[in-house]
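Student: sequence first, then the predicted structure, then my questions.
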Amino acid sequence: MPQVSAGILLFRRRGPRLEVFLIHMGGPFWAAKDAGAWSIPKGLIAEGENPLAAARREFREETGSEIDGEFLPLAPIRQSGAKVVQAWAVEGDIDADALVSNTFRVEWPSGSGRWRTYPEADRGAWFGVDEAEEKIVAGQRELLRELAQVVDA
């Protein structure tokens, strides 16, 4: 059975330009990477949890911001490793520089016996859709394509 995550694709309009908010994944594996190292804020749905509620919770945990508005459901996507992501697009605005993320612990380097704590997201940024296509992990690119159709950009 695949793991199922829920996430929010936050977007805004700057004149004719459509922008999306992405987070750079935290931790040592992603630290020196940029292209393909960004994601929508998302995470696993707890047993019995409403998927949209999970998406909103994950957004809050990974950005420190609450988001509200008209949540537009996007088609579920399958990422590598068989993880399924259910996402919603919502128009809004947050200050990317004010990002505050929860943390996780990992043994690093692997097998060293040293445990370190890292933020799940080490920064956030707004990108035009074309630039976001280069930044976002490959498995989530379809969300950007669908967003452009859903909001008629």
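Tutor: Alright, I've got the coordinates. Numbers count the residues shown, from 1 in each chain.
Student: which SSE is the closest residue to W126 other than its chain neighbours in?
Tutor: Spatial nearest neighbour of W126, excluding adjacent residues (Cβ to Cβ, 6 or more residues apart in numbering): E19 at 4.7 Å. (C-beta placed from N, C-alpha, C; glycine too.) In this assignment (DSSP states H and E), E19 forms part of strand 17-25.
Student: which strand residues bridge the residue nearest to W126?
Tutor: Counting by DSSP bridges, E19 is bridged to R12, G128.
Student: so it makes contact with R12?
Tutor: Yes: at 5.3 Å, E19 counts as touching R12 under the criterion of Cβ atoms under 8 Å.
Student: identify the contacts common to the two.
Tutor: Each of W126 lies in contact with both E19 and R12 under the rule Cβ atoms under 8 Å, 6 or more residues apart in numbering.
Student: so which of those two has more stuff around it?
Tutor: For the pair E19 and R12, the greater number of neighbours falls to E19 (18 against 14), based on other Cβ atoms under 10 Å.
Student: how far away is the more buried one from E142?
Tutor: 18 Å (Cβ to Cβ, to the nearest Å).
Student: and the most centrally placed residue in the chain, what's its pLDDT?
Tutor: In the chain, the residue lying closest to the centroid (Cα atoms, centre = their mean) is I40, at 1.6 Å. pLDDT for I40: 98.
Student: OK, contacts around it?
Tutor: 7-10, 20, 22-23, 85, 87, 136, 140, 143.
Student: ok, it to T103 distance?
Tutor: For I40, the distance to T103 equals 19 Å [Cβ to Cβ].
Student: mind checking the pLDDT average for stretch 25-33?
Tutor: Mean pLDDT, computed over stretch 25-33, is 94.
Student: tell me what the longest helix seen in the chain is packed against?
Tutor: Longest helix in the chain, counting residues (DSSP state H): helix 51-63. Contacts defined by 3 or more Cβ pairs under 8 Å, 6 or more residues apart in numbering; DSSP states H and E place helix 51-63 against strand 4-14, strand 42-44, strand 84-91, strand 121-128.
Student: can you list these in JSON lines and add distance to I67?
Tutor: Formatted as JSON lines, those follow (distance: least, Cβ to Cβ, whole Å):
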{"stretch": "strand 4-14", "distance to I67": "6"}
{"stretch": "strand 42-44", "distance to I67": "13"}
{"stretch": "strand 84-91", "distance to I67": "6"}
{"stretch": "strand 121-128", "distance to I67": "12"}
